[in-house]
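Undergrad: predicted model follows, preceded by the sequence.
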Amino acid sequence: MLELQTTPTAQQEGIGWLSLAESLGKQFAAREIEADESDLFVADNIARLKASGLVAAGVPVELGGGGASYTDLCAVLRILGRYSSSTALAFSMHTHQVMVPTWRWCNQNAPVDGLLKRVATEQLVLLSSGGSDWLQSAGTAVKVEGGFLVTARKVFASGAPAADLLMTSAIYEDPETGPTVLHFAVPMKTQGVSIEPTWQAMGMRGTGSHDVVLSDVFVPDAAIALRREQGKWHFIFHLISIVAIPLIYSVYVGVAEATRDRAVQLVMKRRTDEHLCYMVGGLDNELTVAKLALEHMISTAITSQPGFETTNQIMTGRTLVAKAVLNVADLAMEIAGGSAFYRKLGLEKLFRDVQGVRYHPLREEAQRKLSGQLAFRWDMSSL
């Protein structure tokens with residue numbers, strides 16, 4: 001269960017996380033436009049998130065953090081998404097990497113308090129490579145004395161320029177058990193770790209989702225947090241699904257809300273046109289679908305335990321949100337007409353940014369396959 005935090009901090013009582021996100025979002029908007037136009041990382045916005053305390057918001061109060069609830073963090077990301085798509089998406093990757101160990105600390109008494117305390121005291125930014133790795137992982141880990149030498153390229157690493165710790169994995173060819181995925185954290189300043197600036201994309205241009213390259217990076221045995229069979233579902237991926245996907249898709253619902261509002265604003269002078277009313281009503285229907293599916297994902301995350309059935313509910317919601325959000329973007333462009341093609345009006349940027357909703361796991365084909373396997377009561381232990 002994810003609604004974990006208890007004692008409110010002074011910051012929560014004074015400003016509130018949602019009010020803080022609203023205030024910061026308004027400040028972030030100008031930098032977002034500059035980043036989009038120049039393929040720049042939203043570094044200043046991430047620095048302000050650090051200064052505000054939001055970087056450590058999800059860390060339990062007992063460990064020095066802000067004690068924000070999971071629901072509040074989803075709402076924070078949705079609010080930020082309305083103002084600065086790239087900032088919100090990059091921040092969601094850090095946020096879910098904080099909330100996974102928070103869940104484990106609260107529910108399993110896992111020894112992750114050291115990491116969480118460091119996030120709180122040092123304002124560490126965590127970098128995820130999970131979406132591009134997923135069950136298969138990528139890269140090689142070669143056994144050497146005292147640890148492993150890891151060589152890998154991790155793509156779509158959103159927020160890389162501001163990150164302190166890379167949370168990642170690589171494949172070790174275990175002579176006894178075969179291909180084994182090792183999970184570990186690597187400080188970004190470690191020798192052999194570099195960022196290759198590859199991020200020139202259609203949308204979400206300010207996320208700094210560059211490639212992180214690991215060249216014979218030494219990872220000590222003590223740093224290996226998990227070993228698992230390659231390509232197979234593991235508890236940790238059910239947990240990641242529950243925690244990460246609603247947080248990430250909160251961002252896209254926020255972007256969709258901004259898209260809807262901008263489209264309506266652009267055609268307000270024609271509000272007496274009945275056909276236009278019909279189209280805007282259809283847009284609002286799609287946005288409502290996205291909101292309801294997101295609410296289902298969040299409530300499932302809060303009330304359920306990790307496992308195939310819960311993952312199925314989360315990933316079904318992910319598909320529904322993605323479809324609805326893309327429909328919102330399409331309808332917004334139709335409603336605004338030819339003027340939507342002009343960059344200065346802002347709608348085309350939102351249209352581009354929201355396209356990223358397609359690419360996070362599980363994509364629809366894999367999600368539908370999983371749902372069908374559960375419906376037919378497959379033996380899931382083999383997957």
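TA: That came in fine, so what should we check first?
Undergrad: so Ile171, which state does it fall into?
TA: strand (DSSP: H, G, I helix; E, B strand; the rest coil).
Undergrad: in the chain, where is pLDDT below threshold?
TA: 1-15 (pLDDT under 70).
Undergrad: show me which helix runs longest in it.
TA: Secondary structure of the chain per DSSP state H: the longest helix is helix 235-266.
Undergrad: and it, what does it pack onto?
TA: helix 70-83, helix 85-108, helix 274-303, helix 308-336, helix 347-354 (3 or more C-beta pairs under 8 Å, 6 or more residues apart in numbering; DSSP states H and E). Just so you know, the C-beta spots here come from the backbone N, C-alpha and C atoms, and that holds for glycine as well.
Undergrad: now render the ones you listed as a markdown table, adding distance to His360 and mean neighbour count.
TA: Formatted as a markdown table, the helices and strands packed on helix 235-266 follow (distance: least, C-beta to C-beta, whole Å; neighbours: other C-beta atoms under 10 Å):
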| stretch | distance to His360 | mean neighbour count |
| --- | --- | --- |
| helix 70-83 | 13 | 25 |
| helix 85-108 | 10 | 26 |
| helix 274-303 | 13 | 17 |
| helix 308-336 | 7 | 21 |
| helix 347-354 | 12 | 24 |
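Undergrad: for these, give me CSV that also has distance to Arg377.
TA: Supplementary listing: those in CSV, determined by distance: least, C-beta to C-beta, whole Å:
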stretch, distance to Arg377
helix 70-83, 31
helix 85-108, 28
helix 274-303, 21
helix 308-336, 11
helix 347-354, 36
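Undergrad: nearest to Leu63, of those?
TA: Leu63 lies closest to helix 85-108 among the helices and strands packed on helix 235-266, at 7.5 Å (C-beta to C-beta).
Undergrad: quick check: buried residues in the following helix or strand past that closest one?
TA: Proceeding N to C from helix 85-108, the next assigned helix or strand is helix 113-122, under DSSP states H and E. Neighbour-count burial for helix 113-122, counted by 16 or more other C-beta atoms under 10 Å, picks out Asp113, Leu115, Leu116, Lys117, Arg118, Val119, Ala120.
Undergrad: check contacts around the fifth one.
TA: If I follow you right, that is Arg118. Leu124 (C-beta atoms under 8 Å, 6 or more residues apart in numbering).
Undergrad: and the gap between it and His183?
TA: Distance from Arg118 to His183, counting by C-beta to C-beta, to the nearest Å: 18 Å.
Undergrad: and the residue sitting furthest away from the middle of the chain, helix, strand or coil?
TA: Using C-alpha atoms, centre = their mean, the residue of the chain lying farthest from its centre is Thr272. It sits 39.8 Å away. Secondary structure, three-state DSSP: Thr272 is coil.
Undergrad: Gly130 is in contact with Phe156, correct?
TA: No - counting by C-beta atoms under 8 Å, Phe156 stays clear of Gly130, with 9.9 Å between them.
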